[in-house]
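Colleague: The following comprises the amino acid sequence and a computationally predicted model.
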Amino acid sequence: MQAHASLKDMPRKIGKLPTLPGVAIRILQAMRHESPNIREISETIASDAPLSAKVLQVVNSSFYGLSNQITSVHQAMMYLGLNAVKNLALSFSLIRNFSTKNKGAFDHVQFWKDSLIGAVAAKLITEKANKQHGENAFFLGLLQDIGMLIMSQSIPEEYDEVLTKVRSNGTALHDIESSFLKFNHMEVGEYVTHGWGLPPAFSAPIGAHHAPERTGRLSGDIELQTKILHLSSLYIDLFNSTKHPASSSYAKIEELISAYGLASTVDPFAITEDILSNIKSIFPIFEMQIDEKQYIEIIEAAKNELSDLSAELIDQTRAQSQDMEKIKLQLGLDSMTQLNNHNRFLENLNHEMSRANRYKTPLSIIMADIDHFKSINDFFGHLAGDHALRCVSAQLKQMLRDSDQIARYGGEEFAIILPMTDPEDALKAAERLRKGIESMKLRYNDRTLAVTMSFGVAAMEGDRVVDVESLIRRADEALYEAKNTGRNKSCSYRKQNPQPATSRSATVMVIDDEEVVLVTVTKMLERLGYAVSVARSGQEASDAFHKPASKIDLVIMDMVMPDIGADQLLGIIRRNRPGTKVILSSGYSSAHIESGNLLKNTDGFLQKPYQLAELSNIVRAAIAN
């Protein structure tokens, strides 16, 4: 296949390059900046109300399985990342722009159904094979056959003849295209996506995805994405068994997964069932009907027709059962750091607390968090952040005792169980870890990354009634204190006697752009018996106060938000909810704050870091007034 040579002649063959919708062009232009502006891109998507509504529908669907309701495009980016949301927006924009009514033999509705199946398949396989590219796989899978759509619109009569030939003799579409037209939809797809400004990591796999063996030498990542795209195209065939026998499509998938070296990470039947589960949730959002019964019958047919070949699978199952303990161990590990994951940590902590209670021995835990981790991702890239996580994990594990247990608790946060350790020794251990991380010589691509961590320590010693959740909450509060008194330090939990909430029906909103503050203050308020909602930006808070149904009795608001000034946000709250109480918070004392009028027009002030008892007293007083 001489794709690159034929690309030069493509304008003559298909005419003028199809244009993208305006919102898609603006998104791609913003992404070309060296450091894309998340706020700019989220506002571009949000400016198209139908588009942003569709994006939020998918984000809040079972496709992503988020536990929290996402209410804005910017919030979605904070949870899922810029690339994931950007690619969703581009996908909706593309389908909306090119959803032409059927003309001739080309079925536009079926084309987009197939494209969505390919998008879901590419995402699922990539998440198993190479998580680094998982965010782009959905959009890449959606675009894989865009050349077919372009050809059907640019040369409709010739392309109708091609489709007729395919139906009559069963030869691969791209081979008939090449024979009849002297070019094929892979080449058109590569040309179009390149012309739209998409990087080679998109255009090159599209240009070879039906025949990766013909491409010659590609870079490792592009070669892998081309193979994954090839597999996703076979899943499209599998779900169209009226065109292709289900068993032959599945057998080919199974064969190529093995040939591509993915058999250890990609289960073909599990992917098949996950595709069906995912398209059930996203087809309706893309306004497409799903024939679930037909797809289930296709999957069952493939299983039944391949059952005679299962002897080898039985042997494999026996071998796998012998390795079951190893598999269970792997399920409890975080794939990036190879530390225990969140669930395994909770299991281990519950076990260790039971043992400490039984034998009346001390037990401590440490919650630790990498300082300014977001800055590493923003300035050096997410790969640098991943490298930092792995190096920090290895360093922490090396410095702990064999009896200690460390886990990646989530994101850049770690949790450590210290059996037979009292609070004083636990604090000493935390300090030793902190100094070890601070002295690390961390290099990435010939650049030095300065990494520090903050540590919070809590223990069960004399207090035997504490449960798992409470012990973690105490360590979180100590970590919060360390974070808010300068970072790169270790703090121990200090027992307090807070007043309980006057009413469990009171709802408090916390507005702060620092995740550690939101998490810790939320836990403190919930411990006091309040219902809590959060806003990570002034705009998110403003959106919440413009919704008449939401109940907010009191707001704890950081005085310095990056997008909306405190006085402006206070005005929005007062106009929309005149009865809502407002407490300001800041790292500075009230004596050093210039906005005296702002303080006079609110119901209290909290200087960070504040303790549970202080928070309890001020919130109770504000609600009571």
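Modeller: Great, that's in hand. Source: prediction; values computed, not measured. Numbers count the residues shown, from 1 in each chain.
Colleague: Doesn't residue 459 lie inside a helix?
Modeller: No. Counting by DSSP: H, G, I helix; E, B strand; the rest coil, one finds residue 459 to be strand, located in no helix.
Colleague: Would you agree it is in contact with residue 426?
Modeller: Yes. Counting by Cβ atoms under 8 Å, residue 426 is a contact partner of residue 459 at 5.9 Å. Where C-beta positions appear, they are placed from N, C-alpha and C, glycine not excepted.
Colleague: overlap in contacts of these two?
Modeller: Common neighbours of residue 459 and residue 426 (criterion: Cβ atoms under 8 Å, 6 or more residues apart in numbering): 364-365.
Colleague: Backbone dihedrals for the residue nearest the centre of the chain, both of them.
Modeller: The centre of the chain sits closest to residue 80, judged by Cα atoms, centre = their mean, with a distance of 3.4 Å. For residue 80, the backbone dihedrals (degrees, to the nearest 10) come out as phi -100, psi -20.
Colleague: I'd like to know how far it sits from residue 440.
Modeller: Counting by Cβ to Cβ, to the nearest Å, the gap from residue 80 to residue 440 is 30 Å.
Colleague: do the same with residue 568
Modeller: Per Cβ to Cβ, residue 568 is found 42 Å from residue 440.
Colleague: neighbour-wise, which of the two wins?
Modeller: Neighbour totals were compared for residue 568 and residue 440, and residue 440 leads with 17 against 12 (other Cβ atoms under 10 Å).
Colleague: Any idea how far apart the tips of stretch 150-164 sit?
Modeller: With Cα to Cα, to the nearest Å as the measure, the ends of stretch 150-164 fall 17 Å from one another.
Colleague: pLDDT weak spots in the stretch 101-250 of the chain?
Modeller: 101-104, 130-135, 170, 214-220, 241-249 (pLDDT under 70).
Colleague: Go again with 90.
Modeller: Applying pLDDT under 90 to the stretch 101-250 of the chain flags residues 101-123, 126-143, 146-147, 149-184, 187-205, 207-226, 232-250.
Colleague: so how many other residues sit close to residue 261?
Modeller: With other Cβ under 10 Å as criterion, residue 261 counts 12.
Colleague: mind listing what it touches?
Modeller: Counting by Cβ under 8 Å, 6+ apart, residue 261 makes contact with nothing.
Colleague: same question, residue 197
Modeller: Contacts of residue 197 (Cβ under 8 Å, 6+ apart): 28-29, 32.
Colleague: again with residue 533
Modeller: For residue 533, the contacting residues are 507-510, 544, 550, 552, by Cβ under 8 Å, 6+ apart.
Colleague: Residues in a beta bridge with it, which ones?
Modeller: Residue 533 has these beta-bridge partners by DSSP bridges: residue 509.
Colleague: Tell me the spacing between it and residue 212.
Modeller: Counting by Cβ to Cβ - residue 533 and residue 212 are separated by 49 Å.
Colleague: How about residue 274?
Modeller: Per Cβ to Cβ, residue 274 is found 23 Å from residue 212.
Colleague: Determine the longest helix present in the protein.
Modeller: Taking DSSP state H as the criterion, the chain has its longest helix at helix 108-129.
Colleague: Phi first, then psi, for residue 448.
Modeller: Dihedral pair for residue 448: phi -90, psi 130, per degrees, to the nearest 10.
Colleague: doesn't residue 442 make contact with it?
Modeller: Yes. Between residue 448 and residue 442 there is a contact at 6.9 Å, judged by Cβ under 8 Å.
Colleague: More neighbours: those two, which one.
Modeller: residue 442 (17 against 9).
Colleague: May I have the phi/psi pair for that one?
Modeller: Dihedral pair for residue 442: phi -100, psi 120, per degrees, to the nearest 10.
Colleague: pLDDT value on the residue nearest to it when sequence neighbours are not counted, please?
Modeller: Nearest non-adjacent residue to residue 442, counting by Cβ to Cβ, 6 or more residues apart in numbering: residue 449, 4.4 Å away. pLDDT recorded at residue 449 is 85.
Colleague: Provide a list of residues in contact with residue 449.
Modeller: Contacts of residue 449 (Cβ under 8 Å, 6+ apart): 376, 380, 384, 387-388, 442-443.
Colleague: Buried only: go through those for me.
Modeller: Among the contacts of residue 449, the ones that count as buried by 16 or more other Cβ atoms under 10 Å are 376, 380, 384, 387-388, 442.
Colleague: I'd like to know which of those residues is nearest to residue 582.
Modeller: Among the buried ones among the contacts of residue 449, residue 376 lies closest to residue 582 (Cβ to Cβ), at 34.1 Å.
Colleague: Where does the closest one fall, secondary structure wise?
Modeller: Assigned by DSSP states H and E, residue 376 belongs to helix 373-380.
Colleague: I'd like to know which elements that helix is packed against.
Modeller: Secondary-structure packing of helix 373-380 (3 or more Cβ pairs under 8 Å, 6 or more residues apart in numbering; DSSP states H and E): helix 382-399, strand 447-449.
Colleague: how many neighbours does the closest residue to residue 588 other than its chain neighbours have?
Modeller: Nearest residue to residue 588 in three dimensions, chain neighbours excluded: residue 607, at 7.2 Å (Cβ to Cβ, 6+ apart). Using other Cβ under 10 Å, residue 607 has 17 other residues around it.
Colleague: I'd say residue 607 and residue 599 touch.
Modeller: No. Using Cβ under 8 Å, residue 607 is not in contact with residue 599; the gap is 11.9 Å.
Colleague: close enough to count as contact, residue 489 and residue 434?
Modeller: Yes. Residue 489 is in contact with residue 434 according to Cβ under 8 Å; the separation is 7.0 Å.
Colleague: Overlap of the contact sets of these two?
Modeller: Common neighbours of residue 489 and residue 434, counting by Cβ under 8 Å, 6+ apart, are 454-455.
Colleague: Make a PyMOL selection of the buried ones in the contacts of residue 197.
Modeller: Listed next is the PyMOL selection for buried residues among the contacts of residue 197, using 16+ other Cβ under 10 Å:
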select buried, resi 28
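Colleague: Next, check the contacts of residue 197 against the helices and list the overlap.
Modeller: In this view, the contacts of residue 197 that belong to helices under DSSP H are 28-29.
Colleague: Which one among the contacts of residue 197 sits at the bottom for pLDDT?
Modeller: residue 32 (74).
Colleague: Against residue 138, how distant is that residue?
Modeller: 20 Å.
Colleague: before we move on, what about residue 571?
Modeller: Residue 571 sits 41 Å away from residue 138, going by Cβ to Cβ.
Colleague: quick one: which of these two has more around it?
Modeller: More neighbours surround residue 138 than the other of residue 571 and residue 138, with 27 against 13 (other Cβ under 10 Å).
Colleague: Residue 273 sits in which helix or strand?
Modeller: Using DSSP H and E, residue 273 maps to helix 268-282.
Colleague: Could I get the CA-only coordinates of that helix as PDB?
Modeller: Written as PDB, here are the backbone C-alpha positions of helix 268-282 (Å, rounded to 0.1, in the frame of the first residue of the first chain):
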ATOM      1  CA  PRO A 268     -11.900 -11.200  23.600                       C
ATOM      2  CA  PHE A 269     -15.300 -12.400  25.100                       C
ATOM      3  CA  ALA A 270     -15.100 -10.000  28.000                       C
ATOM      4  CA  ILE A 271     -14.500  -7.100  25.500                       C
ATOM      5  CA  THR A 272     -17.500  -8.300  23.400                       C
ATOM      6  CA  GLU A 273     -19.800  -8.300  26.400                       C
ATOM      7  CA  ASP A 274     -18.400  -4.900  27.600                       C
ATOM      8  CA  ILE A 275     -19.100  -3.400  24.200                       C
ATOM      9  CA  LEU A 276     -22.700  -4.500  24.400                       C
ATOM     10  CA  SER A 277     -23.000  -3.100  27.900                       C
ATOM     11  CA  ASN A 278     -21.500   0.300  26.800                       C
ATOM     12  CA  ILE A 279     -23.400   0.800  23.600                       C
ATOM     13  CA  LYS A 280     -26.600   0.200  25.500                       C
ATOM     14  CA  SER A 281     -25.900   3.300  27.500                       C
ATOM     15  CA  ILE A 282     -24.400   5.600  24.800                       C
END
